Structures are given as C-alpha cells and as structure tokens.
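*Asks:* sequence first, then the predicted structure, then my questions.
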Amino acid sequence: MYTFKQFLKDKKSVRLGYLGGSITAGSGASAPEKCWRCRTEKELGEMFPDIEFIGIDAAIGGTGSDLGVFRMDEDLLKHNPDFVFVEFAVNDSALQNTDMYMEGIVRKILKKDKNIPIVFVYTLTQKTIEDGYAAGRLPMAVAKQQALAEKYGIPSINIGLAIYEEMQKTGNDIKSYTVDAVHPNDTGYDLYTGRIMKELFEIEFDIKMPETPVTGKDLSGAGMVLANEFANENWKLSVNKMYKNLPNYIYSNVPGEELEFSFEGSAIGLYFTMEKDSGNFEYSIDGGAPLVWQTWDKYCRDFNRDNSKILDDTLPFGKHTLKIRILKDKEPDSEGTYIRIGAFLVG
C-alpha cells in the first residue's frame, strides 16, 4: 500500500493518462487550460518542480467505456502512461454492463504494467442527480463502477457527490457549475480540480488484479482493426484523419452496398463518424436476422464527430462474420446516406 506522494518519490517524469469523455476532454471550459485535466497536470508540476508531468489526452466526447476499452491501446497505452485517471460514469449512465467494459479497461492497463496506479473519477450531470443523488443513492453507472473498483482495490474520486453536497449546502443549482447541466463551466472545473487535488493526496493505492474477471468476461484483449485495409472501388479510402487518432476511414453512400468482415472473438462493434449527411445501415452476424442502426442524430446539424456502436458482446468465443449493408432509408433531416467506418471493434 502506498500514497500518491510515495509513488512520485525519485521520479524525474510522470506520464498522466486521462481516459474519458467530454468532461475529461474539457468541454464547457472557457479555454482548454481551464479544464480539470490540464489543471491537474499544471498544478502537480507547480507542486513538484523537479518532476516533469506529461498529460496524455485520451478523452473523446460523447463516448463511453464500451468504446474506451477497444481504443485505449491506440489512444492511451502506446504512450506508456505511468498513472491513469478513468472517467466514464456520465457517458455510461445508460450502459447496463459498464462494469464489464470498465473491467476490460482495468485489466488492459494492469496487464501492460501491474504497477500503474488507476483512479476512477465520477462526474455530475442533472440526470445523475435525478437518477441517484437526490434519492440518496449512487447513480447506476457509478454504483457498478464503484463495486468493480472495490474488487480491484482501485481508489475513486466522486466529484459528482461532492458538488451535489455543495449544492445542498449553498442552495445553488447545477447551472451554477455547468454550461448545460452536463459540462462544467470554469467554476465547475475549479471545484473538479480542487477536489481531485485534495483527494489524490489522501487516497492509498493497493491495486490487485483477480486471476479471473469478476464480471465473467475478459475484454483485456479487445482492440481495433482499422477499416482502411478494406478499401476498394465501392468503399473508398478517405484522405482525412478520423477526428481523434485514426489515420483515415472508408466510406460509401451507395444504398445496397455491402461490407463483410470476419473476426475471432466474442464481441464486435463499429467505430464510425456521425455527420450531417450520415445514413443508416443494416447489419447481421453469422447470417442472423438483420438489425438497423443510424449514424445520424440531431447533433449532426451542428457538428461532426466520431462515435461507436457495439453490435453484439454476447457471442460465443470463436470465428464470426459481420455483414453490413447501406440502407436507402435515412433520417428525415440527414443530407445523405454516407456510412464512414474507421475501425472494427473486436473483443
């Protein structure tokens, strides 16, 4: 068992990994340097001037742990973090098996290096207040993640509960701390940073990895297969990066056009873009009944972004085939039928 201060002893540099969603990315801050991610990195550097703190920004807005476990090799682990914050409680609020994906994230980190300290960070929205704190309980995703954290001995920092208690004390509502009842404003990020910096020096680390996954599914081998190798005359290769770290993607807007992908594993998903001209696709696995998914929503009117969909995470481990077909039918306000795929998510 050791403290954060003991972890820092004799170190010349520390690479801080930040894996999470838009609150970790800094949405809502008046400037990038005002978000909790940048602030903690900066303040630690000021407290320990003999140590170089290097931040690894592995946050993507609007995504949860179900994408995080597949993309973290590329976005986080290849940068060799020494310490990792994980923040997905808000974006996992509707994800019933958040503990399974969070366990995959934890096991991937610890399999890379069992000595990497991990901290779970729980953030706040109006929905988490209504679904949990106002009723005197933890929101569902927080409760599941906390139960997992206790199994692994992972410390957590519940900023959401701290801010809710501050609201109760002061009579302020969530608008005092956020720009939209989700993303913190500068005042909110002040509270986030202060709470993290305080608790970081109070917690003790004694992280252990159970021999077998406590959720019954091991996603520590999950990863991405880049779609660029499937480019052809019908699925063209882009010349642009796909937002975060993917070098490119493949795309088509021809209704009826199909794409087939064979893989070995027990889970399969897609990493794609959502844009103003995005369409719908139909998919089937191993010749099963086709299902439909849309890659356009109301937010596409204002900005493009990347997103993901886990198509099935209950497959028996083995060889499977995924088939995708672009549909003619689209959402009424979409400007097209484009499907843009950056990677297949295989676990």
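*Replies:* Great, that's in hand. Numbers count the residues shown, from 1 in each chain.
*Asks:* quick check, T193 in a helix?
*Replies:* Yes: with DSSP: H, G, I helix; E, B strand; the rest coil as the criterion, T193 is located in a helix.
*Asks:* contact partners for it?
*Replies:* Each residue near T193 by Cβ atoms under 8 Å, 6 or more residues apart in numbering is listed here: W36, R39, T40, E43. Backbone N, C-alpha and C define where each C-beta goes, glycine included.
*Asks:* and the pLDDT at N245?
*Replies:* Looking at N245, its pLDDT reads 72.
*Asks:* Provide the contact partners of stretch 22-38 at residue level.
*Replies:* When contacts are defined by Cβ under 8 Å, 6+ apart, stretch 22-38 is touched by residues 18, 39, 42, 55, 57, 59-62, 85, 87, 90-91, 121, 123, 178-180, 182-186, 188-189, 192-193, 196.
*Asks:* distance between the ends of it?
*Replies:* 13 Å (Cα to Cα, to the nearest Å).
*Asks:* what about I207, which SS state?
*Replies:* coil.
*Asks:* ugh, typo on my part, it should be D190
*Replies:* The assignment at D190 comes out as helix when based on three-state DSSP.
*Asks:* now do the SS call for the residue in the chain sticking out farthest from the centre.
*Replies:* For the chain, the C-alpha lying farthest from the average C-alpha position belongs to E233; by Cα atoms, centre = their mean, that distance is 33.0 Å. Going by three-state DSSP, the secondary structure assigned to E233 is coil.
*Asks:* state the phi and psi torsions of it.
*Replies:* Note on E233: backbone dihedrals following degrees, to the nearest 10 are phi -70, psi -20.
*Asks:* restricting to C-alpha, output stretch 114-124 in PDB.
*Replies:* Taking only C-alpha atoms (Å, rounded to 0.1, in the frame of the first residue of the first chain), the coordinates of stretch 114-124 have been written out as PDB:
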ATOM      1  CA  LYS A 114       0.700  -4.100 -12.800                       C
ATOM      2  CA  ASN A 115       2.300  -1.200 -11.000                       C
ATOM      3  CA  ILE A 116       0.300   1.600 -12.800                       C
ATOM      4  CA  PRO A 117      -1.900   3.400 -10.300                       C
ATOM      5  CA  ILE A 118      -5.500   3.900 -11.500                       C
ATOM      6  CA  VAL A 119      -8.200   6.300 -10.200                       C
ATOM      7  CA  PHE A 120     -11.800   6.200 -11.200                       C
ATOM      8  CA  VAL A 121     -13.300   9.700 -11.400                       C
ATOM      9  CA  TYR A 122     -17.100  10.100 -11.100                       C
ATOM     10  CA  THR A 123     -18.600  13.300 -12.600                       C
ATOM     11  CA  LEU A 124     -22.000  15.000 -12.400                       C
END
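*Asks:* show me what counts as buried in it.
*Replies:* Using 16 or more other Cβ atoms under 10 Å as the test for burial, stretch 114-124 gives I116, P117, I118, V119, F120, V121, Y122, T123, L124.
*Asks:* with secondary structure added, can I get these in CSV?
*Replies:* As requested, the buried residues of stretch 114-124 are arranged in CSV below (three-state DSSP):
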residue, secondary structure
I116, coil
P117, coil
I118, strand
V119, strand
F120, strand
V121, strand
Y122, strand
T123, coil
L124, coil
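*Asks:* what's downstream of the strand or helix carrying D57, the next helix or strand?
*Replies:* Here D57, judged by DSSP states H and E, is contained in strand 52-59. Using DSSP H and E, the helix or strand that follows strand 52-59 towards the C-terminus is helix 65-75.
*Asks:* thanks a lot, catch you later.
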